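Undergrad: Predicted model follows, preceded by the sequence.
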Amino acid sequence: MGHLDHAAYGWLTPVLSYVMASIGAALGLRCTVRALAATGPSRRNWLLTAASAIGTGIWTMHFVAMLGFEVTGTEIHYNVPLTILSLLVAVLVVGAGVFAVGYGKDRGRSLVLGGLTTGLGVASMHYLGMAALRLHGHISYKPLTVGLSVAIAVIAATAALWAALNIKSPLAVAGASLVMGAAVSSMHYTGMMAVRVAVSPSDTALPGATAMQFIFPLAVGLGSYLFITAAFVALSPTADERAASASAQHVPQPVPAAR
């Protein structure tokens, strides 16, 4: 068995991955709150933004954390198509969850369906990302720990969607996003605790790209997307602000007194 190091750079990758997960959750929750207050195409667009933010945040969290993952006795490369597919899965399944909540008539049923779909999708993203690993050896998993990681993913996703339905104030959303970030990080590291690697030393070149060749630049790009989108959402007026502005524009002006 190869020795697994989940934090080769110390606390840098766990803390940074937690920050990315929290930013994605905060942005996604704010967009969902905006969506629930909107109608028509505006609601759809806010939900699409929420899905991309949460999905991107979760994926970035996973692969930033993976930058600190090392196995003694072998290099680690990544299969590029599978890694990209894991990103698409993350965004699509989160989209299914937020749209279920955004358009569902029965809030309770929508929450359960959305939480289950999103949680299973997040877990699928994680293990699809792990399937993209290429190393000299064989990866196996402890089934009970895998099951625990999936349960954490479902609970975390359900809690996030519940927060989107019930929490409105920016301060409460910030608190909920920190909890969501912790839950997603817990799911990741619980899943990593399930990993076992039987190393088979070899001089054969590994296929795929190294983390610094592929994962790091992509994570930086997606992180930049989250920050830019966060700035856009922060500067975009809320439904209440737009209503207040429209009301102010229609206030009748006083008529000057006749001389």
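TA: Noted; the coordinates are in hand. All of these numbers come straight from a predicted model, not from anything done at the bench.
Undergrad: tell me the contacts of the nearest residue in space to Asp5 that is not next to it in sequence?
TA: Sequence neighbours aside, Glu70 is the residue nearest to Asp5 in space, at 4.5 Å (criterion: C-beta to C-beta, 6 or more residues apart in numbering). Every C-beta, even on glycine, is put in place using the N, C-alpha and C of the backbone. Counting by C-beta atoms under 8 Å, 6 or more residues apart in numbering, Glu70 touches 4-5, 8, 76.
Undergrad: Likewise for Asn166?
TA: Asn166 sits in contact with no residue, where contact means C-beta under 8 Å, 6+ apart.
Undergrad: per-residue confidence at it?
TA: Per-residue confidence (pLDDT) for Asn166: 81.
Undergrad: same check, this time on Lys105
TA: The score at Lys105 is 80. That number is its pLDDT.
Undergrad: What of Gln249?
TA: Looking at Gln249, its pLDDT is 56.
Undergrad: swap in Leu16?
TA: As summarised for this prediction, Leu16 has a pLDDT of 91.
Undergrad: which other residues reach the helix or strand Ala231 falls within?
TA: When elements are defined using DSSP states H and E, Ala231 is found to belong to helix 216-235. Here helix 216-235 makes contact (C-beta under 8 Å, 6+ apart) with 20, 23-24, 26-27, 30-31, 34, 49, 52-53, 56-57, 59-60, 63-64, 67, 83, 87.
Undergrad: Which positions within the helix or strand harbouring Gly28 qualify as buried?
TA: Under the criterion DSSP H and E, the helix or strand holding Gly28 is helix 12-36. Under the neighbour-count criterion of 16 or more other C-beta atoms under 10 Å, helix 12-36 has 13-14, 16-36 buried.
Undergrad: quick one: it to helix 216-235, angle?
TA: 40 degrees (axes from the mean of the first three to the mean of the last three C-alpha atoms, to 10 degrees).
Undergrad: average pLDDT across stretch 53-69?
TA: With pLDDT averaged residue by residue, stretch 53-69 scores 90.
Undergrad: mind checking how far the helix or strand following the helix holding Gly28 is from the chain centre?
TA: Proceeding N to C from helix 12-36, the next assigned helix or strand is helix 40-66, under DSSP H and E. Its chain's average C-alpha position is 6 Å from that of helix 40-66, according to C-alpha atoms, centre = their mean, to the nearest Å.
Undergrad: which strands and helices sit next to helix 40-66?
TA: Using 3 or more C-beta pairs under 8 Å, 6 or more residues apart in numbering; DSSP states H and E as the contact criterion, the secondary-structure elements in contact with helix 40-66 are helix 12-36, helix 80-103, helix 107-131, helix 170-193, helix 216-235.
Undergrad: That one versus helix 12-36: what angle between them?
TA: Here helix 40-66 runs at an angle of 170 degrees relative to helix 12-36 (the same axes, to 10 degrees).
Undergrad: Show me what secondary structure element comes after helix 40-66.
TA: Proceeding C-terminally, helix 40-66 gives way to strand 70-71 as the next helix or strand, assigned by DSSP H and E.
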